[in-house]
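Q: fold the following and give me the result.
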Amino acid sequence: MAKKIPLRQCVGCGEMKGKKDMVRVLRTAEGDICLDATGKKNGRGAYVCKSGACFQLARKNKGLERSFKMSIPQEVYDALEREFENLEAE
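A: Predicted structure coming up:
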């Protein structure tokens, strides 16, 4: 039997994709929001496709805010965007 691939929904475009093709955005117990490159850290996770366009969409349609049930300040989005660009560059 083939191994089941865990699917996650992008909070930007809403597409279902394999977990490996996505970037996990994490809200820690302290309420901090960061990118989780390993996908193993503790906290509430939301997934975004590895494209900058999807991140922009998630920012515009407040996908992350809905996932985390909290409002996210602009500075946090800007910091995430910088982290995201670093990931894309790798």
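
Q: okay, CA-based contacts and neighbour counts for the rest of this
A: Will do.

Q: quick one, helices of the chain?
A: 52-60, 63-68, 74-89 (DSSP state H).

Q: from Leu7, how far off is Lys60?
A: According to Cα to Cα, to the nearest Å, Lys60 stands 23 Å off from Leu7.

Q: same check, this time on Glu75
A: 30 Å.

Q: ok, now Ala79?
A: On the measure of Cα to Cα, Ala79 and Leu7 end up 26 Å apart.

Q: same check, this time on Tyr47
A: 10 Å.

Q: higher neighbour count, these two?
A: Tyr47 (28 against 14; other Cα atoms under 10 Å).

Q: how many neighbours does the spatially closest residue to Tyr77 that is not a sequence neighbour have?
A: Spatial nearest neighbour of Tyr77, chain neighbours left out: Arg59 (7.4 Å); criterion: Cα to Cα, 6 or more residues apart in numbering. Per other Cα under 10 Å, the neighbour tally for Arg59 reads 18.

Q: I'd guessed Arg59 sits against Leu80; true?
A: No: contact between Arg59 and Leu80 fails when scored by Cα atoms under 8 Å: they sit 10.3 Å apart.

Q: hmm, back to that, of all the helices of the chain, which lies closest to Gly18?
A: Closest of the helices of the chain to Gly18 is helix 52-60, at 15.3 Å (criterion: Cα to Cα).

Q: buried stuff in the closest one?
A: Within helix 52-60, the residues scored as buried using 16 or more other Cα atoms under 10 Å are Cys54, Phe55, Leu57, Ala58, Arg59.

Q: of all the residues you listed, which two lie farthest apart?
A: Pairwise over the buried residues of helix 52-60, using Cα to Cα, the maximum falls at Cys54 and Arg59, 8.5 Å.

Q: overlap of the contact sets of those two?
A: Gly12 (Cα atoms under 8 Å, 6 or more residues apart in numbering).

Q: any stretches of the protein with poor pLDDT?
A: The chain contains residues with pLDDT under 70 at 88-90.
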